[in-house]
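Enquirer: what's the 3D shape of this:
(2 chains)
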Amino acid sequence: MNDIVQLDHGSGGRATQELVQRCFFQLFANEYLLQMNDSALLPWAGGQMAMTTDSYVVDPIIFPGGDIGSLAVHGTVNDLAMQGARPLYLTAGFILEEGLSLEVLEYVARSMAEAAREAQVMIVAGDTKVVPRGKADRLFINTAGVGVVPSGIRVGGQYARPGDSVLINGTIGDHGIAVLCKREGLAFEREILSDSAPLNDLVSGILESCPRVRVLRDPTRGGVATALNEIAQQSGVGIVLFEESLRIKEDVAGACEVLGLDPLYVANEGKVLVFVPPDDEQLVLNLMRNHPRGRDGVKIGQVTQEGAGRVTLETGVGGHRLVQMLHGEQLPRIC
Amino acid sequence: MPLWAERERVLKYVDAYRDSKLAKRLLETLQKRPYGSRTLRLMEICGTHTVAMFRLGLRQLLPSSLQLISGPGCPVCVTAAEDVDRALWIARQTGAIVATFGDFMRVPGSRSSLLTERSRGGSVRMVYASFDALQVARDNPHREVVFLGIGFETTAPTVAAAILQASREGIENFSVLSMHKLLPPAMKALLDGEGMDLHGFICPGHVSTVIGAAAYEEIAARYEIPCVVTGFEALDLLQGLHLLVDQVLAGEARVVNQYSRAVNWGGNPAAQRLLAQVFEPADAPWRGLGIIPRSGLKIRKEWQLLDAAERFAIPPMESREPPGCRCSEVLRGTVTPPQCGLFGKACTPETPVGPCMVSSEGTCGAYHQYHQED
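Expert: Here you go, the predicted structure:
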C-alpha cells in the first residue's frame, strides 16, 4: 500500500523522516550527513563551516507577509543560523513553468534581493530551468547556503540537558495560518501575516552574549511540537511545555479553532527555539525582547531527565498530555 | 461595533470557559462527591469531547470513581468498510472526481484508501465544505463530481443545502454519496447491546445544536439514564460531569442542557427542515455496531439525480474489516485502544489499520496522540 511517494512524505514529520532514512541516509551515509541538523557542519580552515539546502514550493507564491522568494532566502539563512553559523553566500535554482508571468518572476526576484540584503548574504550563483506547462506549478525555488561558525560555538539538537530552559522569540503558528488562509480564501477581519524573517542577526546577538546556548532550532514544517520532539530524541531528554506560556495571536488561534488545527503543529518561518542553561535564561530573554525579531520572547518549557525522548504539555487545568511529532500532512505546501 | 471588535468579544467569551483557577476548584469539588464504593461509568458519545478531555489532560485528574468511556461519535470511524469501498470504487471511475473532507482520505477500506487512490492517479479532492465540492463541479463541467456525505446531524444540513443549491442551479455533474448517520439511534443500539453498564451520557454539543436537547428525552426516560448536553471547554466539561454525577447520586435520569449558550431545547428548526426536505431516515451500517434501524440518512427520491448511489451502478462490495483490528469494540467502549494488539505497532496514524486511528477525533487516534502510559 505504501510503495509510492505520498504527500505525507513531504510533511516534515515522521513520514518524511522515514523516507529520508530509507532512501537517502543509507546510500549517502557519511559523518556530516548523519549529524541530522538543519545544516551540516564541515571542517574548514581550522574552524567550521555550515552548509545547507532547501527547496520552496509554497502555494500561493505570494502570501500576506512574504512570498516564495523572501521565504527561500529566510529559510536557508535560518537553517545556517540554527547551527550557530554566520550565513555568507547563497545559490538560487529556479524551476519555472511555461506560462509564468514575468511580472511575478520579477516580483519574486526583487523580494529575494531585498531579503538577501536584509540578511546580509549574497546570492552568488544560480540556475534556471523551464518545464512545459503542467509539469510544475508556476515556480519552484531551491536555495543552498554556506556560512562560517565562530570559534567557541557548539550548538546542536543533541546538546539539550535536563534543567535547560526552552525559550522562543514570540507567537507561534503565524506562517502556516497566513498561507492557508490566503490559499483557501479564508478571510478574517484583520489579515494574518506570515512571520517569515531572517533570524541570523537575533541569533548571532544571543550567541555573542551567551555562548553557552545549547540548542537552536527553527520550528518550521511540523511546528514547535515536531521540532521539540526531534530535539528530545536527539538529546535523549524529556521536554515539558507550559500551555499557558505559549503565545498565539488571537486571529491565529481563531483560525486554528475553525480549521481544527493545533497551533503547536503549524509552521513558523521567523521563530527560533533556544535551549539555555537556567542561569542564562533571563539574559537571553532580555536579548530577545530588545531585538525587533524577539519582542514577544518567552520561556515556554523546561528540559527534564524523566520521559527521555518525549515531549509533554502541562495544561492550564494542571493535567498533562503527550505532544507527538506531526503525523502525516497537516497543511500541504506551506514552504 | 466594528466586526473585529465583535470577534474579539466572542473570543474572550471562549476564554472565560477556560479559566484554570475555576477549573481546578471544580475538579476539587468533583473529587469530594460521596461516591462510596461506586464506580460511575460515563460515556462521552462525541469524538470532539474525547479529544478535548485528552487535550486538557482531564482524564488523569478525575476521581478514580469516575470512568470515562469513549463512544461511537466520530463520523469517520463509524463508516462501515463497505461504504468506504463504495467511495473507493467511485474514485477509480474514469472522469469522476471524489470530493471529501480531509480525515476521510486515510480511512482504510478493504484494500486501499482514498489517499492511496490519489497517489495512484485517482482524482480525489480535499474540501472544507460541501459548497466547495459544488464549486469543483462548476469548475469541471465535464466531469462527475461526487461529494462524500460523511457526518452526523451537524454536517448533514450543510450537505442538504448543497444538494438544493445544485438543483436550483441545474448543476448536472454533482452528486452526493450519503453516508450520514444519526446519533440517538446509535445510543439506543448501544444500550440495547449486551454488557453496556452505563450510568450516564455526556451528549454531543455540536449535534445537539441541530437536534436540540429534547432529542434525548426518550432515551433518558426509556433507559433511565441521565443525559447532559455538554460544551467543549474545560469548564463546560467539568460542569457537565458535575451535572451527571448529581443525577446518578440522586437516582435521577433527566436531560440537562449544560451547553445552553449554543444548544436550544428544540434545536435548530431551519436545519431540521433542510434535513427533512432532502433526506429520509434509513437503516444504515455502522462499523462496530452493525446495521442500526433508521440510523442513516438517505437522499429522498425527489433528489435522486443528485444521489450518487442512484447515479452510479456501484456493484455490491465484498468488504471485510481489517484482521486483528478491534475498532468495533473500541467504538462500543468495551475495550480501550491500548488493549488492541495492533495499537501503536501495526496501527499508527501514518499507517492506520482501523478507522479509529485515522480521524483526529477517533478514540485510537486520540489515545495515540495524547495518552501517556504511566
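Enquirer: Spatially nearest residue to the residue nearest the centre of chain B (excluding sequence neighbours)?
Expert: Closest residue to the average C-alpha location of chain B: B:Cys74 at 3.1 Å, with C-alpha atoms, centre = their mean. Using C-beta to C-beta, 6 or more residues apart in numbering or on different chains and skipping the chain neighbours, the partner closest in space to B:Cys74 is B:Gly47 (3.5 Å). To be clear about C-beta, it is placed using only N, CA and C from the backbone, and glycine gets the same treatment.
Enquirer: from memory the one you found sits against B:Gly362, does it?
Expert: Yes: contact status for B:Gly47 versus B:Gly362: in contact at 6.5 Å, counting by C-beta atoms under 8 Å.
Enquirer: Those two: which has the busier surroundings?
Expert: Neighbours per residue, other C-beta atoms under 10 Å in any protein chain shown: of B:Gly47 and B:Gly362, the larger number sits with B:Gly362, 32 against 27.
Enquirer: Helix or strand: which one has the closest residue to that one other than its chain neighbours?
Expert: Nearest non-adjacent residue to B:Gly362, counting by C-beta to C-beta, 6+ apart: B:Cys356, 3.9 Å away. According to DSSP states H and E, B:Cys356 maps onto helix B:355-358.
Enquirer: coming back round to it: how far away is the residue nearest to the centre of chain B from B:Ser295?
Expert: Taking C-beta to C-beta, to the nearest Å as the measure, B:Cys74 falls 15 Å from B:Ser295.
Enquirer: cool, B:Glu218 as well?
Expert: From B:Glu218 to B:Ser295 the distance is 14 Å (C-beta to C-beta).
Enquirer: between these two, which one's more packed in?
Expert: Higher neighbour count among B:Glu218 and B:Ser295: B:Ser295, with 24 against 12, using other C-beta under 10 Å.
Enquirer: That one: what secondary structure?
Expert: Secondary structure for B:Ser295, judged by DSSP: H, G, I helix; E, B strand; the rest coil, is strand.
Enquirer: Which of the three states applies to the nearest residue to it once chain neighbours are set aside?
Expert: Distances taken as C-beta to C-beta, 6+ apart place B:Pro185 nearest to B:Ser295, at 3.7 Å, with adjacent residues excluded. Recorded secondary structure, B:Pro185: helix (three-state DSSP).
Enquirer: What residue in chain A comes nearest to chain B?
Expert: In chain A, the residue found nearest to chain B is A:Gly319; the distance is 2.0 Å by C-beta to the nearest C-beta.
Enquirer: Surely that residue is in contact with B:Leu61?
Expert: Yes: with contact defined as C-beta under 8 Å, A:Gly319 reaches B:Leu61; the gap is 5.1 Å.
Enquirer: For those two, indicate the residue with more neighbours.
Expert: Neighbour totals were compared for A:Gly319 and B:Leu61, and A:Gly319 leads with 23 against 20 (other C-beta under 10 Å).
Enquirer: gap between the more buried one and B:His371?
Expert: Remark: distance between A:Gly319 and B:His371 (C-beta to C-beta) = 12 Å.
Enquirer: One more: B:Ala220?
Expert: According to C-beta to C-beta, B:Ala220 and B:His371 sit 31 Å apart.
Enquirer: Pass me the low-pLDDT residue ranges in the chain, would you?
Expert: Picked chain A for this. A:1-2, A:328-335 (pLDDT under 70).
Enquirer: other chain: chain B
Expert: Counting by pLDDT under 70, the ranges of chain B that qualify are B:1-13, B:372-374.
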